[in-house]
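>>> Give me a 3D structure for the following:
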Amino acid sequence: MGQRPPNESSYKELASGGSTKVKIARTYTSEPGILKMQPFVLTQELSFDENERLISEKTFTYSETVFGVDTSMVMQELFYGEGKHQLSFMKKTFINVLNKERHKKEIGYEYTPDGKVARVLFYQPDGTIQEWETEEEALLASLKQARGQSVASGLDNKSISANSISRSDWVYRDRRNSGPARRPVVDQATPMATTIQHESIANGYITREVSSTGKVVSEQRVLLNEKKQVSHVITSHHDLKGKATTVSITNHVYDAAGREIEQTVLDKAGKLNVKYAHTYDDQGLLIESYWTGRKGKVLKRMRYSYEFF
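You can find the predicted model right below:
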């Protein structure tokens, strides 16, 4: 396993063969302050090659302390093999500036041609490299080394498969049907042996996680519109008796060009939890997003800028 970027930065391809090729895409985020929205700060930078492949992703987080502003950066560098989008190696670098002290950690993932992790490399501060067969072994070694220090391992971030994403998957927001939904989240406090079942329906598909006793642990029902874009996603998590304890309904709205312009997430009673709205420029590039909560309060604003080849 490698590392996957946050879902909020995942964009599906809108068009191919266009004359504009994005080289760098940057995201600037503003969040609520005590009295008003805070200034926009750089939170993500994506770099692509001329083959539309993601080659670098940087994410930035900031936090205020009595010593000033602490900054953290996570950088993923992706390297490809003979296949156009076949990831062969990925290096992840963690840089934390805490209380004006700089800490750095690096880990690498080597992939087989079929997309499985072949080796995990842990880069030591003295320049040597330790090799592990699994990410779990590398994580344990990292935690042992960081014991007594304030440096977070960062290895618990979301994962990315070796089947990497092209530039247009990041730059253009479009919810076309791209295959089975991701595995539903299970309550890790009560681990159990489960299997994943897929079922096709007339206008979409269903993914279920089922326990060894045949009870549904979680279910995700995905409905598609006439253009085969995801229009509704109904996710439910079930207790040991099979009763749905939490349910969320996500609705997607698109413009005439197939770009997602609105996404709403509702609870079981149909009440709004969060709403996302997106705007685009004349070239179809995402330029601004708003997140609002139950009472219409802005939770986050994001603006996007681009550099081109």
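
>>> For the rest of this, base every contact and every neighbour count on C-alpha atoms.
Noted.

>>> where do the helices sit along the protein?
Applying DSSP state H to the chain gives helices spanning 135-146, 168-171.

>>> On the pLDDT front, check the nearest residue to T235 once chain neighbours are set aside for me.
Distance criterion C-alpha to C-alpha, 6 or more residues apart in numbering; nearest residue to T235, sequence neighbours excluded, is Q220 at 4.4 Å. At Q220, the pLDDT value in this model is 96.

>>> Beta-bridge partners for Q220, please?
Taking DSSP bridges, one obtains T207, T235 as the residues bridged to Q220.

>>> What separation is there between it and V253?
Remark: distance between Q220 and V253 (C-alpha to C-alpha, to the nearest Å) = 19 Å.

>>> more neighbours, those two?
Legend: neighbour count by other C-alpha atoms under 10 Å for Q220 and V253, higher for Q220 (25 against 17).

>>> Surely the more buried one is in contact with H232?
No - assessed by C-alpha atoms under 8 Å, Q220 is found out of contact with H232, at 10.2 Å.

>>> which residues touch the residue nearest to M75 when sequence neighbours are not counted?
Leaving aside its sequence neighbours, M75 sits nearest to K58 (C-alpha to C-alpha, 6+ apart; 4.4 Å). Shown in contact with K58 (C-alpha atoms under 8 Å, 6 or more residues apart in numbering): Q44, E45, L46, M73, V74, M75, Q76.

>>> Surely the last one touches F89?
No - with contact defined as C-alpha under 8 Å, Q76 does not count as touching F89 (10.4 Å).

>>> Let me see the mean pLDDT of stretch 126-134.
Throughout stretch 126-134, pLDDT has a mean value of 79.

>>> Determine the number of other residues adjacent to G204.
20.

>>> Tell me how many other residues surround I287.
17.

>>> make that T195, sorry
13.

>>> can you tell me which residues contact it?
E209, V210, S211, S212.

>>> Can you tell me which of the residues you listed are classed as buried?
Burial by neighbour count, 16 or more other C-alpha atoms under 10 Å: within the contacts of T195 this picks out E209, V210, S211.

>>> List the contacts of stretch 287-296.
With contacts defined as C-alpha under 8 Å, 6+ apart, stretch 287-296 is touched by 271-281, 298-305.
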